[in-house]
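Q: okay, here's the prediction I keep looking at, along with the sequence it came from:
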Amino acid sequence: QKEVEQDPGPLSVPEGAIVSLNCTYSNSAFQYFMWYRQYSRKGPELLMYTYSSGNKEDGRFTAQVDKSSKYISLFIRDSQPSDSATYLCAMNLRGANDMRFGAGTRLTVKP
Amino acid sequence: DSGVTQTPKHLITATGQRVTLRCSPRSGDLSVYWYQQSLDQGLQFLIQYYNGEERAKGNILERFSAQQFPDLHSELNLSSLELGDSALYFCASSVAPPINEQFFGPGTRLTVL
């Protein structure tokens, strides 16, 4: 079993839809949770960063962490074609220098 | 543009050869991370340097090595290349570890024939 599990998709939604992306993990010691967006042929770009459990909102993006279920989510409201990319979850331990990434979910938002 | 630069963008070489990938971190960032991204393995952490010193090692093969120079740029050396080493190699930088806000470069696409 991988430490971080993420459904690779692909996921296709119409413009304006609410998108839900999820990851599960096995190591209960993870404390920092990140979501990266990666456009084709580009490097990952940090979208959201949360510490421990709870919600964090930034514009159309909301990140949720449920440590009791070892489950994290990224919600995208009013999705746009420009949101079409691969979304990677990542997490690490407090004080650790190496992040563990999910496989990434490929999202397409159709106009 | 993240401010992290990587050269070259593309590299095509043969099995058994040795290549060097170069990374310049964002201005002010002291920590550099190297990652390998392949279709079957996803994004894998290789190694991290902070201000010239190795800080963490991930799934880095013995055939691979890295260093960070006094001007903070870093090089990843891959030797005795195999077909399975074909992948995207990313460099990321951050102000200092353990900081989770890492900024990724555009990557080097390595093809081993």
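A: Good, I have the coordinates.

Q: so which bits of stretch B:28-45 are buried?
A: Going by neighbour count (16 or more other Cβ atoms under 10 Å in any protein chain shown), the buried part of stretch B:28-45 is B:29-37, B:42-45. In short, each C-beta sits where N, CA and C put it, glycine included.

Q: of all these, which two lie farthest apart?
A: Pairwise distances across these (Cβ to Cβ) peak at 26.8 Å, for the pair B:30 and B:42.

Q: what are the buried residues along stretch B:62-74?
A: B:64, B:66, B:68, B:72, B:74.

Q: quick check: residues of chain B near chain A?
A: B:2, B:4, B:31, B:33, B:42-45, B:48, B:55-56, B:58, B:90, B:92, B:97-98, B:100-107 (Cβ under 8 Å from any Cβ of the partner chain).

Q: let's see which of those residues end up in strands.
A: B:31, B:33, B:42-45, B:48, B:55-56, B:90, B:92, B:103-104 (DSSP state E).

Q: could you export the residues you listed as CSV, including pLDDT and distance to residue B:13?
A: Converted to CSV, those look like this (pLDDT from 0 to 100; distance: Cβ to Cβ, whole Å):
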residue, pLDDT, distance to residue B:13
B:31, 92, 28
B:33, 94, 23
B:42, 83, 23
B:43, 89, 22
B:44, 92, 20
B:45, 91, 23
B:48, 93, 25
B:55, 91, 29
B:56, 89, 28
B:90, 97, 18
B:92, 94, 24
B:103, 91, 28
B:104, 94, 23
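
Q: thought residue A:62 was touching residue A:77, still the case?
A: Yes. Using Cβ atoms under 8 Å, residue A:77 is in contact with residue A:62, at 7.5 Å.

Q: ok, those two, which is more surrounded?
A: Relative neighbour count places residue A:62 above the other of residue A:77 and residue A:62, with 17 against 13, counting by other Cβ atoms under 10 Å in any protein chain shown.

Q: state the mean pLDDT of the helix or strand hosting the more buried one.
A: Residue A:62 belongs to strand A:61-66 when elements are defined using DSSP states H and E. Strand A:61-66 shows a mean pLDDT of 96.
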